[in-house]
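1. With the sequence up front, the predicted model follows.
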Amino acid sequence: MSHSRSALRNFAVRLSQAAVALVTSIVVTRALGVADKGAFALLMLAPLLGARLTSLGTEAALVVRGSRVSLARRIAHGVAIVLLCGAVGMAAVLGLEFAGILPGRELAGSALLFAAALMLPLNLTIYVLNGLLRGAGLLRAYDRGLLVGPVVQLPAVVALLCGLGWGIKGAFLASLLATAATVSYLLFCVWQMIRAETGTGSGRFLELPRLQPDMLRFGLQEHAGNLAQHLNLRLDLLLVGVFLGPLATGIYTVAIALAEIVWFVPDAVGTVLLPRIARGDPGSARAAAASACRISLAAATPVACIIGAAGSLLIRILYGSAFLPAWLPLLGLLPGTLLLTVSKVLSKYLSGVGRPALAARASGYSLIATILLDLLCIPLWGLIGAAIATTLSYGVHAAVCTQAFRRLTGAPLPEILLPRRDDIARLMRCIDATSSTPLGFGLLASSNSSTERSAFHR
């Protein structure tokens, strides 16, 4: 299969995943109502953030550094991460929730809180298994894995919420079933990979769980910037829950879900071009990144305008009249999502040319802005304040990434922002030139960020 077809297959999978996740989000939101939807989002938020916090960049390390060590050591490293970080993360989440520092204890009983905390090691397991598959270049299996969870979750949600009326417990059980199905499928794929590499019945790949220093060092280097960027995307939701409670959180999740539709194109385009940027000469890398920015911005701007103009109608039709207060926060979020469209692509350029510290710096500055602005604006102006703070912090991220890109390449702003007639043709040429090495294939595939974002809204 050509690289273009491989990239387009991944794009189609992401589109299908997003469509199923949107339908699931609508069903869950309508079935639970405003307050319970917010409570469910807060119940799921801490374990998912905890999984990202304790992942230590393991997936990226398995993709990029995995070829330097044996399969047995890769598996031993991944198992060690799941066991060690999973146990520590679960204990930390439960401790903070029962101490009242994180929202949770007032939203669910002890049994449900403990069950929800199990999502943390399960998601760590998914990171590890995806890293093993991507590092081996098994993108077809990886792509299918992206669809397993959403395809399982949607009928489970319909049965448990709409059929049995189980409320928050049913929504959580559907998420747990979807996550467990994904883990099961990925375990099967990795087992098949092991059998192909070691021979049927061979147990030589088995080693005691042990961290590999080289992969751990690389993962930690990547982890700081990725974690800061992830917190930028989710800290506002957590602080809305802390300051304003589940009712406001339920409304805000709808605004976030609609605003982040804008990111679908830049996520896909940036991911496809990253291997090309990493392998190309400086001139072609600059041209590829600038073209990706222009394409992403040109595609995202009309989508944002349509969502903003029709936001009230979309909310009423999709989620119901009870969620209409989400429209104003949605309008406040949309400029920020457009700004982050630019930095989503440029940060991949910075990593691709070997300057991940610059991308991490942008995420760090943006995270500081997020914390300070959220703490100031949410108590003063509620959900509108949260949306404004988020847009301003995204603007900081975009400004720092743009300045770093211009300093490295000398590119003027029009080259980054104004679309050209040959952009689509350039994009397809870049896809065709993408490397077929394990590194290239691994980076060609998208990460689980989109899956994680969807999970917050369901």
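-> It's in.

2. Find the nearest non-adjacent residue to residue 122, please.
-> Distances taken as Cβ to Cβ, 6 or more residues apart in numbering place residue 179 nearest to residue 122, at 4.9 Å, with adjacent residues excluded. From N, CA and C alone the C-beta is placed, and that goes for glycine too.

3. Who are the packing partners of the host helix or strand of residue 414?
-> Using DSSP states H and E, the element containing residue 414 is helix 413-417. Counting contacts by 3 or more Cβ pairs under 8 Å, 6 or more residues apart in numbering; DSSP states H and E, helix 413-417 packs against helix 282-309, helix 327-352, helix 356-409.

4. The same query, at a cut-off of 7 Å, please.
-> For helix 413-417, the packing partners by 3 or more Cβ pairs under 7 Å, 6 or more residues apart in numbering; DSSP states H and E come out as helix 282-309.

5. Next, the angle from the helix it packs on to helix 356-409.
-> If you take axes from the mean of the first three to the mean of the last three Cα atoms, to 10 degrees, helix 282-309 sits at 110 degrees to helix 356-409.

6. Quick one: name whatever helix or strand follows helix 282-309.
-> Helix 282-309 is succeeded, C-terminally, by helix 311-318 (DSSP H and E).

7. distance between that next one and the chain's centre?
-> Averaged C-alpha coordinates place helix 311-318 at 25 Å from its chain's average position (Cα atoms, centre = their mean, to the nearest Å).

8. tell me the average confidence for that helix?
-> Over the span of helix 311-318, the pLDDT mean works out to 91.

9. cool, stretch 181-189 as well?
-> Stretch 181-189 carries an average pLDDT of 94.

10. so what pLDDT did residue 139 get?
-> For residue 139, the model assigns a pLDDT of 75.

11. related to what we said a few turns ago, contacts for the helix holding residue 414?
-> Residues outside helix 413-417 that contact it (Cβ atoms under 7 Å, 6 or more residues apart in numbering): 290, 293-294, 297, 402.

12. The protein: strands as residue ranges?
-> Counting by DSSP state E, the chain forms no strands at all.

13. hmm, back to that, just the CA coordinates of the helix holding residue 414, formatted as CSV?
-> Only the C-alpha atoms of helix 413-417 are listed here, as CSV (Å, rounded to 0.1, in the frame of the first residue of the first chain):
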residue,chain,number,x,y,z
LEU,A,413,3.8,35.5,8.5
PRO,A,414,2.0,35.4,5.1
GLU,A,415,3.9,32.2,4.2
ILE,A,416,2.4,30.6,7.4
LEU,A,417,-1.1,32.0,7.3
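
14. Determine how far it lies from the middle of the whole chain.
-> 27 Å.

15. Give me the buried stretch members for that helix, please.
-> 415-416 (16 or more other Cβ atoms under 10 Å).

16. quick one on the thing from earlier: for the residue nearest to residue 122, grab the count of nearby residues.
-> Other residues lying near residue 179 total 22 when counted by other Cβ atoms under 10 Å.

17. Just the buried subset of the contacts of helix 413-417, please.
-> Applying 16+ other Cβ under 10 Å to the contacts of helix 413-417 flags 290, 293-294, 297, 402 as buried.

18. tell me which of those residues is nearest to residue 111?
-> Checking the buried ones among the contacts of helix 413-417 against residue 111 with Cβ to Cβ, the nearest one is residue 297 at 47.3 Å.
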